[in-house]
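Colleague: for reference, the sequence and a predicted model appear below.
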Amino acid sequence: MASIDINADLGEGEANDAELLRVVSSCNIACGGHAGAQASMRATVAEAVRNDVAIGAHPSYPDREGFGRRSRFLVGEALFATLVAQIQALDAVLAEHETKLRHIKPHGALYNDACADAELADTVARAAREAGAGIFLVGLPDSELQRAAHQHALPFLAEAFIDRAYLADGRLVPRSDPGAVLNRVTDIEAQAISIARDRSVTSIDGRSIAIAADTLCVHGDTPGAAQAARAARLALERQGIAVRVAGE
């Protein structure tokens, strides 16, 4: 049976985390850079373990004021050090719950920057490698982040987004632009099916773009995220596509 992973960015102070964790197969937990603290990490990890959801770190630029959405906020060894510290903070919470880190997905501007910038991608990949062998790095397919993962012998999960619009070149429409976030459940369902079944997505200007993804993201801070994720999962299952952790 065909399958796909669904992941969500959690631990960012949103009210629907618990509901999302009853739908998704993987989660990415904020670990102190843009959001999150020990208490939120513990609560999110506990709920993820209860629902048998794979757990990943969601480190970012150390930019709580800008919610990690300011490009190139920090670079070089200072960035490397904070990423390692963020991942270790979550790893310590995971040890309390006798579970392990499965993947690392950078957040926000760091994600976008690292997918396009080889130097930043290398910094993220080195920080991920510090976390241990066999931990997946998550990013856009055919990106600098994917190339850095390969260079550092890290397994990679290619990600696509079911609640964001795409440009004709395969990049996401900037959040500041009209139509960047998909709000209608029917649009989110259709995009999930198109990516998982047809390996393509329709850009905001109507073009068909090839896209190969191992995991589909729904943003936890999108209004109605839990309902949209549940609807997308049911739509995928009606197409004969199982939702399960990628790489298993």
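Modeller: The structure has been received and is ready for your questions.
Colleague: and the helices in the chain?
Modeller: Using DSSP state H, the helices assigned to the chain run over residues 17-20, 38-50, 76-96, 108-116, 118-130, 144-151, 185-198, 225-238.
Colleague: now these in TSV, with mean pLDDT?
Modeller: Conversion of the helices of the chain to TSV gives the following (pLDDT from 0 to 100):
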stretch	mean pLDDT
helix 17-20	96
helix 38-50	98
helix 76-96	98
helix 108-116	96
helix 118-130	98
helix 144-151	98
helix 185-198	97
helix 225-238	96
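Colleague: ok, Gly139 touching Arg147?
Modeller: No. Under the criterion of C-beta atoms under 8 Å, Gly139 lies out of contact with Arg147, with a separation of 9.8 Å. For the C-beta atoms, the positions are set from N, CA and C on the backbone; glycine is no exception.
Colleague: if we can go back for a sec, among the helices of the chain, which is the most enclosed?
Modeller: Per residue and on average, the most neighbours among the helices of the chain fall to helix 108-116, with a mean of 23 (mean count of other C-beta atoms under 10 Å).
Colleague: any chance of the helices of the chain in a markdown table, plus distance to Glu248?
Modeller: Listed next are those as a markdown table, based on distance: least, C-beta to C-beta, whole Å:
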| stretch | distance to Glu248 |
| --- | --- |
| helix 17-20 | 20 |
| helix 38-50 | 16 |
| helix 76-96 | 18 |
| helix 108-116 | 23 |
| helix 118-130 | 19 |
| helix 144-151 | 18 |
| helix 185-198 | 16 |
| helix 225-238 | 17 |
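Colleague: of the ones you listed, which is nearest Ala2?
Modeller: helix 185-198 (7.3 Å; C-beta to C-beta).
Colleague: helices or strands next to that closest one in the packing?
Modeller: In terms of contacts (3 or more C-beta pairs under 8 Å, 6 or more residues apart in numbering; DSSP states H and E), helix 185-198 is packed against strand 200-202, strand 215-219, helix 225-238.
Colleague: next, the angle from the longest strand that the chain contains to helix 38-50.
Modeller: Using DSSP state E, we find that the single longest strand of the chain is strand 3-10. When axes from the mean of the first three to the mean of the last three C-alpha atoms, to 10 degrees is applied, the directions of strand 3-10 and helix 38-50 differ by 160 degrees.
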